[in-house]
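A.B. asks: Generate coordinates for the sequence data below:
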Amino acid sequence: MGPDLVWRANGWATVRAANKDPDFRNRMKVDDLEFGRLIRNVYKVLLTRGLSGTIIYSTDEETRDSFAASSRVGSRVESCDPRDAIRASRLALR
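C.D. replies: As a prediction, the model looks like this:
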């Protein structure tokens with residue numbers, strides 16, 4: 001997960017300045033409410049595509065800590081280098 005969607009004490013927060021899409025960054029084209037809805041939809045689509053599992057890595061430390069604190073039985077939360085997660089996902093696809 002990029003820095004445009006992060007977990008804070010009160011829940012998920014969107015950070016427009018961290019998004020790289022020029023249309024999403026433009027306040028004239030996309031207002032704040034719509035930006036939040038669009039970002040959440042982007043991540044929902046990406047996170048529901050895993051056929052045999054999903055590896056989630058957040059670039060934001062507070063978000064990673066929240067994932068670790070809220071892990072459920074059967075879930076595996078590990079701290080890792082994102083390059084290791086990419087390598088592991090490529091091996092799983094073989």
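
A.B. asks: all contacts plus neighbour counts: C-alpha atoms, from now on.
C.D. replies: OK.

A.B. asks: Setting the sequence-adjacent residues aside, check what's closest to Arg25.
C.D. replies: Excluding the flanking residues, the one nearest Arg25 by Cα to Cα, 6 or more residues apart in numbering is Arg16, at 5.9 Å.

A.B. asks: What is the neighbour count of that neighbour?
C.D. replies: Residues near Arg16, counting by other Cα atoms under 10 Å, number 19.

A.B. asks: is it true that it touches Pro22?
C.D. replies: No: the pair Arg16 / Pro22 is not scored as a contact, 10.3 Å apart, by Cα atoms under 8 Å.

A.B. asks: For the closest residue to Thr14 other than its chain neighbours, give me its contacts.
C.D. replies: Excluding the flanking residues, the one nearest Thr14 by Cα to Cα, 6+ apart is Leu5, at 4.6 Å. With contact taken as Cα atoms under 8 Å, 6 or more residues apart in numbering, Leu5 is in contact with 12-15, 39-40.
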